[in-house]
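Engineer: Next comes the sequence, and after it the predicted model I'd like to discuss.
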Amino acid sequence: MLKKILFCLLIALISGSSMAWSKAFIWIDDEGVQYATDKEESIPEKYRDRGKIILAPVGRDFEPGDAPNSTVVNFARKKKTIVIAGFLNGNYPVEFLLDTGSTDVLITEEDARVLGLDLTHADKVKVKLADGKLIEAPRITLGSVRVGNAEVKNIPVVIGKIRLLGLSFLNKFKVVIDLEKSKVTLSGY
């Protein structure tokens, strides 16, 4: 329990930096407890090879002339996908694959565990995978999903194997994807 509290405090400290940091790292100790930090040197030496960068130089960047109710967020490209930084429940940093073909936002079982979400009574929904397979997955209501300043509260999310930022989030905003500049603009919040 103490480790979970320490982890939550660490996440709060990271998120309190107003995204001025450019990287966040997670690692798992020998007992399976997950930790996060914005300073690689604060990862204990014996866990550094287990550390994973979860946010690269992506975050909130406003450009001149942006409307006050819009946010411009840098994204990274991995193969042919757009990877965008976001936060679950206000302060848990994650990377999403931006997927305009996904009806829902998906988060992982690990995300649900770290956030302390109870999936035992979650609704089950049928989810069609990219390969056409139909599976059942738990669906819960999450407190919030945020990308830059764009936030959706009390949003249904499906628990899956990967994180997807789907239409249940994107449909709340006007979305402009600038592939040349590697930026996504979300406006209308």
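Structural biologist: Good, I have the coordinates. Residues are numbered from 1 along each chain as shown.
Engineer: Now stretch 85-100: average pLDDT?
Structural biologist: Here stretch 85-100 scores 93 as its mean pLDDT.
Engineer: mind checking the end-to-end distance for stretch 157-176?
Structural biologist: 23 Å (CA to CA, to the nearest Å).
Engineer: Next: stretch 110-127.
Structural biologist: 19 Å.
Engineer: and it, which residues are buried?
Structural biologist: 111-112, 114-115, 117, 122, 127 (16 or more other CB atoms under 10 Å). C-betas here are computed from N, CA, C, even on glycine.
Engineer: In helices only, show me these.
Structural biologist: 111-112, 114 (DSSP state H).
Engineer: Now tabulate these in TSV and tack on pLDDT and distance to Ile177.
Structural biologist: Listed next are these as TSV, based on pLDDT from 0 to 100; distance: CB to CB, whole Å:
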residue	pLDDT	distance to Ile177
Asp111	95	24
Ala112	94	28
Val114	93	29
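Engineer: for those, which one is nearest Ser102?
Structural biologist: In terms of CB to CB, no member of these lies closer to Ser102 than Asp111, at 15.8 Å.
Engineer: Correct me if wrong: that closest one contacts Val94.
Structural biologist: Yes: checked against CB atoms under 8 Å, the pair Asp111 and Val94 is within contact range at 6.6 Å.
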